[in-house]
Every structure is written in structure tokens, then in C-alpha cells.
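**Q** below are the sequence and a predicted model for it; my questions follow.
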Amino acid sequence: LFYGYASLAAVMRALNLVLLVFVRLNSQLIEVASRDALTRLLNRNGLDELVMRHFAARDARPITLLQIDIDHFKRINDSYGHAAGDRVLREVAASLAAHVRASDFIARVGGEEFLVGCVAADDGVARALAERLLAGVRKLDVRLPGAKLPVHCTVSIGISRRCGDLTAWERCWAEADRALYAAKAAGRDRVVSVNSLGADLR
């Protein structure tokens, strides 16, 4: 009887261990599927899942989108190489992540493009967040191998109108992207809100 109980306990411990390993591996797979490998920010899969969960909630709050692009990033790659470009991406991503609010989210959505979701904020709060992100990147001194001086970079930011539900998501993202291009056309290193463009936004 004693040996029977001991054997059963050993089997249960082994099953417990297998279950713990399975849960940990499953969590790691979910993390890999939803995070960008270079910056550790959300990737497109992670962003899509987060947005669907956010707007599925009964008390879902509106989101203002900030589309962000690193200025003259190709020039950095061409001058210093892709490894240096990766370092710049990591540094910029870390700066952006450090300056968003706890309720906000941030994803890498392209080569040098990022999307910030500013949750439950009016236009003034979203603008202040964008200016804070802009200033944070301006202060970066990115040290690159083989470069005598640190690299300074800037970003351009476009702000959408508030997005109240999932059906408006694509429209708001397109607005943020349109405002970003306006910021680029105006000289880069600046924030432009779609509300300031003065065209028909329907």
C-alpha cells in the first residue's frame, strides 16, 4: 500500500511538472507570436488581438491613434549599416515605450513605423503625448560602432480623430497615416493632427 501511494505521488508530481512546462512553453509561444523580435513591442498580430479585446469590452473607451515614423531612417542604414539601423530602432522603441501612459499601447507596424494608441484622451492630451514622444526621441544619443559621434534622430507623428469602436479603426488609422505624411511634407520632426488639415474627413 505504501509503495502504491508513493508511486501515485511520483506520477502526480511528474504530471504536474509536465503541465507547468506546457503552460510556460505555451506562454512563450504566445509572446513570440504577438511581439516584435527586435523591439519587443507589439507586432501586427499582437496589435490586432489587443484592439479586438479592447473594443469587445462593454465599457470600451475611445482611442486616438498616433502614427510615428523615424525621419531619414534609410540614410542611417545606408551610412552605418543595418546593424546600426537595428540599434536605432531599439533605442527609439525604448524611448517611445518609456513615454507613453500606462493605459496606452504601442506597436511596431512597419520597418521604422510605430503606432501608439492613446486611450480615453481628448485632443489636447493626445497632442501633449505626441509632443512628449517627439521630445524624447530628440534627446537620444545613439552610440554606433565605428561612428565617432552619436547619431541623433527625429520622428514625425500624425494624430487621428478619436476611434470609438472597431468599425472605425481602419478609418482612424488612415487618418493618422495621412497626418503623418503631412508632417513629413512640412519638414519632418513635428506633430500634425488630421483635425488641422482642414479637408473633408468623412
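**A** Good, I have the coordinates. Residues are numbered from 1 along each chain as shown.
**Q** so which strand or helix has the closest residue to Leu197 other than its chain neighbours?
**A** Excluding the flanking residues, the one nearest Leu197 by C-beta to C-beta, 6 or more residues apart in numbering is Ala182, at 6.0 Å. Every C-beta, even on glycine, is put in place using the N, C-alpha and C of the backbone. Following DSSP states H and E, one finds Ala182 within helix 169-185.
**Q** where are the low-confidence patches of this protein?
**A** Within the chain, the ranges that satisfy pLDDT under 70 run 1-6, 8, 11, 14-32, 198-202.
**Q** swap in 90 and give it another go.
**A** Filtered on pLDDT under 90, the chain yields the residue ranges 1-33, 58-59, 79-82, 120-123, 143-151, 198-202.
**Q** pretty sure the residue nearest to Leu197 sits against Ser193.
**A** No: Ala182 is beyond contact range of Ser193, at 9.2 Å (criterion: C-beta atoms under 8 Å).
**Q** who touches both of these two?
**A** Jointly contacting Ala182 and Ser193 under the rule C-beta atoms under 8 Å, 6 or more residues apart in numbering are Gly158.
**Q** when these two are compared, which one has more neighbours?
**A** Ser193 (22 against 17; other C-beta atoms under 10 Å).
**Q** Leu180 reaches Val192, doesn't it?
**A** Yes: under the criterion of C-beta under 8 Å, Leu180 makes contact with Val192 at 7.3 Å.
**Q** need the overlap of contacts for these two.
**A** With C-beta under 8 Å, 6+ apart, Leu180 and Val192 have common neighbours 156-158.
**Q** and Leu65, how many neighbours?
**A** By other C-beta under 10 Å, the burial measure for Leu65, its neighbour count, is 24.
**Q** who are the packing partners of the helix holding Ala182?
**A** strand 63-70, strand 155-163, strand 191-193 (3 or more C-beta pairs under 8 Å, 6 or more residues apart in numbering; DSSP states H and E).
**Q** give the bridge partners for the residue sitting nearest the centre point of the chain, please.
**A** Centroid-nearest residue in the chain, with C-alpha atoms, centre = their mean: Ala107, separated by 2.0 Å. The partner list for Ala107 in beta bridges (DSSP bridges) reads Leu42, Leu115.
**Q** ok, it to Arg53 distance?
**A** 14 Å (C-beta to C-beta, to the nearest Å).
**Q** same check, this time on Gly111
**A** 26 Å.
**Q** for the strand or helix carrying Phe55, packing partners?
**A** Assigning secondary structure by DSSP H and E places Phe55 in helix 44-56. Helices and strands touching helix 44-56, by 3+ C-beta pairs under 8 Å, 6+ apart, are helix 2-34, strand 105-108, strand 113-119.
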